[in-house]
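Chemist: Structure, please.
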Amino acid sequence: MSPSKQTQRALSESAMILPLEKLQPIETRKKRLFIGIPKENSMQENRVPIVPEAVQLLVNNDHRVVIETGAGEGSHFSDNEYSEAGAQIAYSTKEVYEADLILKVEPISNAEMEFLKPKQVLVSAMQLNVHPKDYIKNLMAKKVTAIAWDYIADEDGVLPIVRSMGEIAGTTSILIAAEYLSNKKGQGIMLGGITGVPPTQVAIIGAGTVGEFATRAALGLGADVRVFDNSISKLRRLQNSIGHRVSTSTIQPKVLAKALMRADVVIGAVRSLTGRTPCYVSEEMVRNMKAASVIVDVSIDQGGCFETSRITSHDNPSYVEHGVIHYCVPNIASRASRTASHALSNVVTPIAMQVSEEGGIENTIRNHRGIQNGVYLYNGTLTNQYLGESLKLPYKDLKLLLAAF
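Modeler: Residues are numbered from 1 along each chain as shown. Below you'll find the predicted structure:
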């Protein structure tokens with residue numbers, strides 16, 4: 001064997017007996033969460049973001065949950081149920097806001113904002129079109145990270161909470177209309193159809209989630225349904241999703257006016273991504289509708305799509321104009337608050353668990369694009385382009401802020 005080969009063999013043998021470096025996975029240290037759930041103080045709000053079963057899951061995973069007394073009453077969850085699940089009952093709002101992660105349904109009020117502290121995380125609805133400039137500036141000054149649950153997206157780009165609330169609102173709108181057509185409120189008409197009697201005529205304006213589930217509910221009762229929307233793709237998706245041939249049309253004033261004249265029920269199910277919903281139905285169209293027909297304007301949250309719509313409340317939900325019954329209560333999902341609370345909890349609880357497993361909110365935001373979609377404040381810096389441009393406030397790209405840390 002040549003000297004060079006002997007040298008190579010010696011090196012190979014020595015390398016075989018050297019200890020090899022063992023690669024270990026990098027583990028993220030699990031973080032114990034301190035979660036606060038204040039009582040909602042909005043007049044129309046009956047929902048709660050976390051149900052007792054979810055509290056039990058969080059507590060069993062070594063997290064601390066503090067909930068303000070009476071927070072679950074609107075959804076018929078008692079303090080005792082939360083206490084039995086392991087939550088601590090707080091008797092002051094300030095005590096709840098000592099938590100690191102605040103979970104709410106409605107946007108935080110100006111009074112509650114005083115309790116916020118730097119580096120706190122706030123998860124609540126944002127409602128882009130209703131926030132004044134001073135409100136956002138005050139929230140920025142608190143140096144908190146704020147996430148809007150109505151803009152959190154899942155892996156498919158769907159907004160799961162918005163969709164769930166839309167499903168509830170769409171189905172409930174038909175149930176409300178049925179109540180107002182019956183003897184209890186109206187002329188004793190059954191929403192639907194039976195053998196030998198012409199079916200109820202239902203017109204639905206909007207082919208999004210609310211429109212889809214209103215259509216499903218009306219068809220299930222046997223009604224004759226016609227859906228209007230200016231998006232052909234939405235109308236096609238609705239047809240495919242329902243799996244039933246439904247009469248559809250783009251929103252053309254003359255065609256819509258004729259449909260409204262024949263309709264017993266009209267559902268306003270239009271949603272605007274930013275700002276006010278378009279007003280598609282004029283007062284003249286309403287005047288020509290059947291006497292004692294019913295309008296349920298689900299779009300009233302964003303201004304309404306009927307010229308005759310005006311906001312009502314759960315306590316005084318309806319009024320009559322031009323002989324037509326109007327139901328214009330914002331936040332219809334809160335009417336079925338227990339169901340809606342479970343839907344909220346199904347999305348919010350896994351996010352809280354993710355924050356824990358990934359070692360903190362910064363890692364969760366960095367790792368999940370759907371969570372990033374809901375962030376509008378990051379440690380006090382505005383990251384939402386729409387809010388920045390509409391309110392003329394400085395804002396920064398969230399990805400650049402994440403890269404800096």
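Chemist: helix or strand for residue 225, which one?
Modeler: Using DSSP states H and E, residue 225 sits in strand 224-228.
Chemist: Please compute how far that strand lies from its chain's middle.
Modeler: 25 Å (Cα atoms, centre = their mean, to the nearest Å).
Chemist: Need the residues that contact it.
Modeler: By Cβ atoms under 8 Å, 6 or more residues apart in numbering, the residues outside strand 224-228 that reach it are 193, 199-207, 211, 215, 218-219, 235, 238, 246-251, 256, 259, 263, 280. Placement of C-beta: from N, CA and C, glycine included.
Chemist: Kindly supply the ChimeraX command isolating those of those residues that are buried.
Modeler: Only the buried members of these enter the following ChimeraX selection, criterion being 16 or more other Cβ atoms under 10 Å:
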select :199,200,201,202,203,204,205,206,207,211,215,218,219,235,238,246,248,251,256,259,263,280
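Chemist: sorry, back to before: just checking: what are the partner strands of the strand holding residue 225?
Modeler: Partner strands for strand 224-228, per DSSP bridges, with pairing direction: strand 201-205 (parallel), strand 247-249 (parallel).
Chemist: which one of those lies closest to residue 367?
Modeler: Closest to residue 367 of the strands paired with strand 224-228, according to Cβ to Cβ: strand 201-205, at 39.1 Å.
Chemist: Output the residue ranges of the helices in the stretch 201-350 of the chain, listed in chain order.
Modeler: Under the criterion DSSP state H, counting those that start in this stretch, the stretch 201-350 of the chain contains helices at 209-221, 232-242, 253-262, 283-287, 337-357.
Chemist: could you redo those as TSV and give each row mean pLDDT and distance to residue 300?
Modeler: Below are those laid out as TSV (pLDDT from 0 to 100; distance: least, Cβ to Cβ, whole Å):
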stretch	mean pLDDT	distance to residue 300
helix 209-221	96	12
helix 232-242	94	21
helix 253-262	96	18
helix 283-287	97	14
helix 337-357	95	17
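Chemist: what's the most buried one of those?
Modeler: Across the helices of the stretch 201-350 of the chain, averaging neighbours per residue (mean count of other Cβ atoms under 10 Å) puts helix 209-221 on top, at a mean of 24.
Chemist: Which residues does that one contact?
Modeler: Outside helix 209-221, the residues within contact range by Cβ under 8 Å, 6+ apart are 162-163, 166-171, 173-175, 178, 191-193, 200, 202, 204-205, 225, 227, 229, 238, 241-242, 244, 246, 265, 267, 269, 271, 298.
Chemist: and that helix with helix 232-242, angle?
Modeler: Per axes from the mean of the first three to the mean of the last three Cα atoms, to 10 degrees, the angle that helix 209-221 makes with helix 232-242 is 40 degrees.
Chemist: okay, helix 209-221 in PDB with CA atoms only?
Modeler: Extracted in PDB, the C-alpha atoms of helix 209-221 (Å, rounded to 0.1, in the frame of the first residue of the first chain):
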ATOM      1  CA  THR A 209     -72.300  34.000   4.300                       C
ATOM      2  CA  VAL A 210     -75.400  35.800   5.800                       C
ATOM      3  CA  GLY A 211     -77.200  35.500   2.400                       C
ATOM      4  CA  GLU A 212     -76.200  31.900   2.000                       C
ATOM      5  CA  PHE A 213     -77.500  30.700   5.400                       C
ATOM      6  CA  ALA A 214     -80.700  32.800   5.100                       C
ATOM      7  CA  THR A 215     -81.200  31.100   1.800                       C
ATOM      8  CA  ARG A 216     -80.600  27.600   3.300                       C
ATOM      9  CA  ALA A 217     -83.100  28.400   6.200                       C
ATOM     10  CA  ALA A 218     -85.800  29.800   3.800                       C
ATOM     11  CA  LEU A 219     -85.500  26.900   1.400                       C
ATOM     12  CA  GLY A 220     -85.600  24.400   4.300                       C
ATOM     13  CA  LEU A 221     -89.000  25.900   5.300                       C
END
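Chemist: Now do that helix: distance to the chain's middle.
Modeler: Centroid separation between helix 209-221 and its chain, computed with Cα atoms, centre = their mean, is 19 Å.
Chemist: Over to stretch 317-335?
Modeler: Per Cα atoms, centre = their mean, the displacement of stretch 317-335 from the mean C-alpha position of its chain is 21 Å.
Chemist: what about it, start to end distance?
Modeler: Distance between the two ends of stretch 317-335: 11 Å, counting by Cα to Cα, to the nearest Å.
Chemist: same question, stretch 101-120
Modeler: Stretch 101-120: ends 6 Å apart by Cα to Cα.
Chemist: In this structure residue 269 contacts residue 202, no?
Modeler: No - using Cβ atoms under 8 Å as the test, residue 269 is too far from residue 202 to be in contact (11.4 Å).
Chemist: what's residue 137 sitting at in phi/psi?
Modeler: Backbone torsions of residue 137, given as degrees, to the nearest 10, read phi -60, psi -40.
Chemist: List the contacts of the closest residue to it other than its chain neighbours.
Modeler: In space, and not counting its chain neighbours, residue 137 is closest to residue 393: 7.0 Å by Cβ to Cβ, 6 or more residues apart in numbering. With contact set as Cβ under 8 Å, 6+ apart, residue 393 has these partners: 133, 136, 137, 140, 382, 387.
Chemist: residues in contact with the helix or strand containing the fourth one?
Modeler: When elements are defined using DSSP H and E, residue 140 is found to belong to helix 133-141. Residues outside helix 133-141 that contact it (Cβ under 8 Å, 6+ apart): 108, 110, 113, 116, 146, 377, 380-382, 387, 391-393.
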